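Undergrad: Show me how the following folds:
(chains A and B)
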Amino acid sequence: MSSVVAGSLLLLSTAGVSAAVQGGRITREEALAAVFPEATVEAERVFLTRPQMARVGELAGVEVASGLVARYVATERGRVVGRAYVDTHVVRTKRESLLISLEADGRVKRIDVTAFLEPTEYQARERWLQQYDQQALNDDLAVQRAIRPIAGATLTAGATNAAVRRVLAIDQVLEQSEETLER
Amino acid sequence: MTAKTDQVRSWRTQTILALALCALATTATAQTQPGDDSQSTPVDTAVAGAPAAAGDVDDSEDSGASGRANGSPVGAETGEQQPDLAEVLRRLDLLAEEVERLRSGENVEPVSVEDARRLGLAPSAAATYGRDRGVSIAGYGEMLLENFADESEAGTPTGRTTQFDFLRAVIYAGYRFNDKFLFNSEIEIEHADEVFVEFAYVDYQASEHVGVRGGMLLAPMGLVNEFHEPTVFIGTERPVTESRIIPSTWRENGGGVYGAFDWVAFRAYVINGFDGLDFSSGGLRSGRQKGSRAKATSMAFTGRVDVTPTPGVFVGASLYAGDSGQGQVVVDDTEYGVRTTIFDVHGQAQVRGLDVRGLFARAYVGDAAQLNQVLDTGVAERMQGAYIQVGYDLLSQTNSGDIALTPYVRYEQVDTQDRMPVGLARSLSTDNTYVTAGVELKPIPNIVVKVDHAWVSNDADTGINQFNLAMGYAF
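TA: As a prediction, the model looks like this:
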């Protein structure tokens, strides 16, 4: 009994030490600075048109609940080096926001969790999110296909995958629109 | 100033802001080419990291009364002088940024004492006003039809009646007090008429990686006990090993730490021990105290470590160690602690539709001879069980959306009298082999329908096969 209590106190004190040195969840500004360290990042709020929303839904195969898109464009010496989007969605009953950063060619560069209001134990870990690195929008980008599930957090995995597909589709549609405009 | 007055003013402010937005949108529409619905509208850009629009929108009494936004009298402009398109778009951008930031759930600030006072509420009661972090509700349920064979292995009539049970109807209720503290609970109605608290605890999230937890806790053992929703485990019924050796749903009162570092996750708790006087030849299940006036003379340690070398794959081990005597096992004026130790090793791999899970668990009961002198129920000094199960989602590699169709098979051996104390004979009927084959259909990830057949055998030829049909949901 006494050894059990002593061991537990040791663990609790370890937790206390950890509490003093660990940071919290990353902000989108911190994430953008880490993803595009040398770049100038400009924020845009994009209003998708109805046809664009329909096209995004068609490409992504997931619901597009809002036409308001928070987008960031990173440039270096006038050249676009990447883009990032904030996708906010409900996991179970609470919201999660992901900053999904893309390479200039539209593949996933990195995903950061900027808000997670469900219990923390359901949050996807960095190693799991790294499965999306360099992924492009295709049929294989699905849980149980290119993406492995999270044990005990099925809804987080599903919501995250839907968000990535949605962002990749939005990026594709917006980039195509800009190309059309340039022509 | 009363809270009611403030609320009225807040509503008035919101209404005026909405009207301002409509006016701005109308103005913008009027200055845009009609019929141009093909291109998106990226509004005025801003440097990332610039302050959110919250700081630019004056939410004070003045703004509510005059309809000002960002210092410009919108009402006056619409009547006398139109703002130029750039200014309209700038304001639209500010509002869009504000909406997007509010939607994101980021930077959700706690309610200050001043805010609470303004709302006329105590700080805790005011918390839900300042953040979307209050009450959360979720739940799950499962219904099970069991149809038993007419005859046992030996051909003896079983006399078992088909049973249709609404096994569990569960509501999760939680409350997030702030970034660090949250409460979570599971209130369960079993068999439609028994109410239990399955867990109820307060978490202190000390850091991103480590937290402290106290209350009624799920013992962190095995694969099923903590993740026992019907949409998570395969099969109409939970594996027998995780019912008799690891007696899920196993919950007791206590506290401890939990956390995860990169690819390692752990939990370690001190909880009240079993009540050994309720052990039986069928295992440890009846020894659970379920947090109800639990005898706590004998406490126990329980913990687990899981390693995830790659997403979708993990292996781990769990341990429980503590006395179960609770000061009640006394033979010849000597008190016996009845040290109970359970350990398991487990693993799970979910890759491209394939789902493989396996577990081995063994339990030791100390002072079993003395315990049997008190009980005379054939409690073993060692019991064990193991299973492996494989499922494959036939639709996983197709473009069928969320729907999943997974045939599965499970092989399991459980012996609750693997080794008996000297002088006591083991029963041949406690060493069972279960082979279960079935299929589950998930039209969406939150709903499952399962059907399977279990072949049960033992050396006493008393095994009874059964056909099961189950429906489950989780939200």
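
Undergrad: State whether B:L277 is indeed within a helix.
TA: Yes. Per DSSP: H, G, I helix; E, B strand; the rest coil, B:L277 lies within a helix segment.

Undergrad: Report how many residues lie close to the closest residue to it other than its chain neighbours.
TA: Nearest residue to B:L277, sequence neighbours excluded (CB to CB, 6 or more residues apart in numbering or on different chains): B:Q328, at 5.6 Å. Where you see a C-beta, it was placed from the backbone N, CA and C, and this is true even at glycine. Neighbour count of B:Q328, defined by other CB atoms under 10 Å in any protein chain shown: 17.

Undergrad: what do you get for B:I137?
TA: 11.

Undergrad: what are the ranges of the helices in chain B?
TA: B:3-30, B:61-66, B:74-80, B:85-104, B:113-119, B:123-130, B:241-244, B:368-375 (DSSP state H).

Undergrad: next one: chain A
TA: Applying DSSP H to chain A gives helices spanning A:2-21, A:28-35, A:50-60, A:126-129, A:154-182.

Undergrad: Give me the pLDDT for the residue nearest to B:L277.
TA: pLDDT, B:Q328: 94.

Undergrad: and the gap between it and B:T377?
TA: Separation of B:Q328 from B:T377 (CB to CB, to the nearest Å): 14 Å.

Undergrad: One more: B:A317?
TA: Distance of B:A317 to B:T377, given as CB to CB: 30 Å.

Undergrad: wait, isn't A:R165 in contact with A:L137?
TA: Yes. With contact defined as CB atoms under 8 Å, A:R165 reaches A:L137; the gap is 6.3 Å.

Undergrad: Can you pull the residues that touch both of these two?
TA: A:A60 (CB atoms under 8 Å, 6 or more residues apart in numbering or on different chains).

Undergrad: Contacts for stretch B:417-429, please.
TA: With CB under 8 Å, 6+ apart, stretch B:417-429 has contacts from B:281, B:362, B:368-369, B:372, B:378, B:380-384, B:430-431, B:458-460, B:462.

Undergrad: Could you count how many residues lie near B:N225?
TA: B:N225 has 21 neighbours, counted by other CB under 10 Å.

Undergrad: What sits closest to B:V451 if chain neighbours are left out?
TA: In space, B:V451 is closest to B:L469, 5.1 Å off (CB to CB, 6+ apart).

Undergrad: what about that neighbour, distance to chain A?
TA: Distance from B:L469 to chain A, counting by CB to the nearest CB, to the nearest Å: 23 Å.

Undergrad: ok and the residue in chain B nearest chain A?
TA: B:G312 (2.6 Å; CB to the nearest CB).

Undergrad: List the contacts of that residue.
TA: Contacts for B:G312 (CB under 8 Å, 6+ apart) come out as A:R148, A:P149, A:I150, A:A151, B:A349, B:Q350, B:V351.

Undergrad: Look up which residues are beta-bridged to the residue nearest to B:V451.
TA: Taking DSSP bridges, one obtains B:L145, B:V451 as the residues bridged to B:L469.

Undergrad: And it, how far from B:I447?
TA: 15 Å.

Undergrad: Next: B:Q389.
TA: Counting by CB to CB, the gap from B:Q389 to B:I447 is 21 Å.

Undergrad: Neighbour count for these two, which is higher?
TA: B:Q389 (21 against 16).

Undergrad: I'd say B:L182 and B:G211 touch.
TA: No. If you go by CB under 8 Å, B:L182 and B:G211 don't touch, sitting 9.4 Å apart.

Undergrad: overlap in contacts of these two?
TA: Common contact partners of B:L182 and B:G211 (CB under 8 Å, 6+ apart): B:D203, B:Q205.

Undergrad: between the two, which one's more packed in?
TA: Counted by other CB under 10 Å, B:L182 and B:G211 do not tie: B:G211 has more neighbours, with 25 against 21.

Undergrad: Got the confidence number for the more buried one?
TA: B:G211 is given a pLDDT of 93.

Undergrad: again with the one 5 residues further on
TA: We note a pLDDT of 98 for B:M216 in this prediction.

Undergrad: show me what contacts it?
TA: Here B:M216 is in contact with B:V197, B:E198, B:F199, B:A200, B:Y201, B:R251, B:E252, B:N253, B:G291 (criterion: CB under 8 Å, 6+ apart).
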